[in-house]
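> next come a sequence and a model predicted from it.
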Amino acid sequence: VIEHCDEGNTLSGDRCSATDTTETNYVCPTTGMPCVSTVVDGVVLARQGQAMMNLLDIDHIDVLKSPQGTLFGMNSSGGVIKIVTKQPSFQPSGHIDFGYFDADEFRSQASFTGPIASDRVAARASFMVDSYPGNVLNVYNGDNERINGYQDYGARTQFLIRGAGSARFLITTDYTHTYETTPQGVFAQIYNPAFASVIAPAAAGPDSREVNSNYNTYDLDTNYGYALTADWNIGELRATSITAFRDWTNVQYQDIGRAPGLFIGFPQEDDLGKLWFQQVSEEFRVATQGTRRLDYVAGLFLFEGRDHENYQRATTAYSGGATANYLGFADYGTVNRNGAVFGDATLHLTRHLSAIAGARLIHEELGFNFGRVANVQKTVPGIQPAFAATGSTDDTNYMGRLGLQANLPVGGIAYLTWSRGYKGPAY
């Protein structure tokens, strides 16, 4: 989701800076949770940061208008980005792509598919390696090191198994690793002449691509998961089960002070943040096949997500003619569980007019813990005194839609709908 930085929605971590005019990982400001849900091969990515990973072998992407809570659950009040990847084929094929671009950017991908056990098992394996030194220079100590770049690599495997009768199983594993040398930001304009002299020879300006920092800022991101999708017929219905596990780890080291050292009036601040998130989910649904007078899908969804994060801020400043060191550490986590039952139906009244209706009932439980320790008893720049808290909440709510769909004689489709979405509690 992309929002403009000047729309008043800028939150910490939205990557807005003097050179970035859009928020590339904007989150809804109401609860800090995503309002647009990202779904990859039927598996919802509960945290928006998970959706920042590189994807391999994309077949197509559907962007669904809001709200989509009936079939896709909470936090899809702004819509859904539905990503579908290519599946294994019993017809052997493959491709290798290499790309070299200006400023030494390199991208490569490879994918191979084919049968591995007669006509019963097919596999697909995909790989990628990307690198880019960056478009910003860190002039600290005259090194002129290129930063704001990245190094990525990842792999994805799929096994398609044809079972007895109509049964079909798809086993998927994926892994991506990203290392980004993202600076805290370059300066388009500096209003304090003293600070301008501190960061020299880096200079501010609308086209500035220089920083002067004595810290190696970086972002380290690892994302992997496993999924089992099973499909089979139950009479005239098609049953689908999607069982999935995902793990996301993120480490960030940022130079908050953005200066090449400690100066009077300008404390040196650096942050180290670590995040671990795991989720497990299960969706089971049955749906009619083909086109009938009444088409419908119904099912249940179970989810648990566990988040653990800790952040450390170190501040060094001149105080009373001496150097003072301040350290703050915050550790917190959440456990989120929810379950839902859902159904959606289309009644074809005539060849050109259909009635649509759907509903989803959800129950969610959320618990959190937070602890902050510091070596100060009062607030100093960037660090607050010790504090601890725990809590929990739960909610039962619903989503739904009612409407009419008309196939126009001149082509196209017209809708008249009422929809209700839902955003769950967050910490």
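Alright, I've got the coordinates. Residues are numbered from 1 along each chain as shown.

> and the strands in the stretch 201-350 of the chain, which stretches?
210-211, 218-234, 237-255, 268-288, 294-319, 322-348 (DSSP state E, counting those that start in this stretch).

> next, the contact list for the nearest residue to V43 once chain neighbours are set aside, please.
Nearest non-adjacent residue to V43, counting by Cβ to Cβ, 6 or more residues apart in numbering: A244, 4.3 Å away. Just so you know, the C-beta spots here come from the backbone N, C-alpha and C atoms, and that holds for glycine as well. By Cβ atoms under 8 Å, 6 or more residues apart in numbering, the contact list for A244 reads V43, G225, Y226, A227, L228, Q279, V280, S281, E282.

> same question for L402.
Per Cβ under 8 Å, 6+ apart, neighbours of L402: I356, A357, T417, W418.

> ok, and the most crowded of these?
I356 (18 neighbours; other Cβ atoms under 10 Å).

> circling back to that earlier point, and the furthest pair within the contacts of A244?
L228 and Q279 (15.0 Å; Cβ to Cβ).

> these two: which has the busier surroundings?
Using other Cβ under 10 Å as the criterion, L228 and Q279 rank with Q279 on top: 22 against 15.

> excluding its backbone neighbours, what's nearest the more buried one?
Q279 sits nearest to G305 (Cβ to Cβ, 6+ apart), 4.3 Å away.

> now swap in V36 and tell me
G78 (4.3 Å).

> picking up where we left off before, and of the contacts of A244, the nearest to A103?
G225 (32.3 Å).

> which residues does the residue nearest to that closest one when sequence neighbours are not counted bridge with?
Residue nearest to G225 in three dimensions, not counting chain neighbours: R246, with 3.8 Å by Cβ to Cβ, 6+ apart. Bridge pairing for R246 (DSSP bridges) gives the partners G225, Q279.

> list the contacts of R246.
Contacts of R246 (Cβ under 8 Å, 6+ apart): V43, L45, Q50, N223, Y224, G225, Q278, Q279.

> next, format these as a markdown table and append pLDDT and distance to M399.
Formatted as a markdown table, those follow (pLDDT from 0 to 100; distance: Cβ to Cβ, whole Å):
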| residue | pLDDT | distance to M399 |
| --- | --- | --- |
| V43 | 91 | 19 |
| L45 | 88 | 19 |
| Q50 | 85 | 22 |
| N223 | 95 | 28 |
| Y224 | 96 | 30 |
| G225 | 96 | 26 |
| Q278 | 96 | 26 |
| Q279 | 96 | 20 |
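
> output the residues you listed in CSV, with distance to V373 appended to each entry.
CSV is the format used below for these (distance: Cβ to Cβ, whole Å):
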residue, distance to V373
V43, 37
L45, 32
Q50, 29
N223, 30
Y224, 32
G225, 34
Q278, 25
Q279, 29
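
> and Q289, how far is that from V39?
For Q289, the distance to V39 equals 22 Å [Cβ to Cβ, to the nearest Å].

> who's more crowded, the two?
Set Q289 next to V39 and count neighbours by other Cβ under 10 Å: V39 wins out with 21 against 10.

> quick check: longest helix of this structure.
helix 193-199 (DSSP state H).

> so which bits of it are buried?
F195, V198, I199 (16 or more other Cβ atoms under 10 Å).

> the first one contacts F266, correct?
By that I understand F195. Yes: if you go by Cβ atoms under 8 Å, F195 and F266 touch, sitting 6.4 Å apart.

> tell me the phi and psi of F72?
phi -110, psi 0 (degrees, to the nearest 10).

> right, I mislabeled it, should have said G265
phi 90, psi -10.

> again with T70
According to degrees, to the nearest 10, T70 has phi -60, psi -50.

> how about it: what's its closest non-neighbour residue?
G358 (3.8 Å).

> wait, A389 sits on F370?
Yes: counting by Cβ under 8 Å, F370 is a contact partner of A389 at 4.9 Å.

> please identify which of these two sits among more neighbours.
F370 (16 against 11).

> give the contact list for that one.
Contacts of F370 (Cβ under 8 Å, 6+ apart): A330, D331, Y332, F387, A388, A389, T390.

> what pairs with the last one across the strands?
Listed by DSSP bridges, the beta-bridge partners for T390 are N369.

> contact partners for it?
T390 touches G367, F368, N369, F370, counting by Cβ under 8 Å, 6+ apart.

> and the first one, how far is that from D394?
Pointing back at G367 there. 9 Å.

> any quick PyMOL command for the buried ones out of the contacts of A244?
Paste this into PyMOL to select the buried members of the contacts of A244, with burial taken from 16+ other Cβ under 10 Å:
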select buried, resi 43+225+227+279+281
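
> now, which of the contacts of A244 sits nearest Q405?
Once Cβ to Cβ is applied, the member of those that ends up nearest Q405 is V43, at 28.0 Å.

> phi, psi for the closest one please.
Per degrees, to the nearest 10, the backbone of V43 is at phi -110, psi 120.

> wait, isn't it in contact with S281?
Yes: look at V43 against S281 with Cβ under 8 Å: they come within range, at 6.6 Å.

> overlap of the contact sets of the two?
Counting by Cβ under 8 Å, 6+ apart, the residues touching both V43 and S281 are I242, A244.

> who is the residue lying closest to L237 once chain neighbours are set aside paired with across the strands?
With sequence-adjacent residues excluded and distances taken as Cβ to Cβ, 6+ apart, L237 is closest to V286, at 4.6 Å. V286 has these beta-bridge partners by DSSP bridges: A239, A298.

> near V286, how many other residues are there?
16.

> with A167 instead?
Quick note: A167 (other Cβ under 10 Å) scores 13 neighbours.

> swap in T316?
If we define neighbours as other Cβ under 10 Å, then T316 has 17 of them.

> could you do P92 as well?
The burial count for P92: 10, using other Cβ under 10 Å.

> separation between it and F101?
31 Å.

> checking P385 next. Helix, strand or coil?
coil (DSSP: H, G, I helix; E, B strand; the rest coil).
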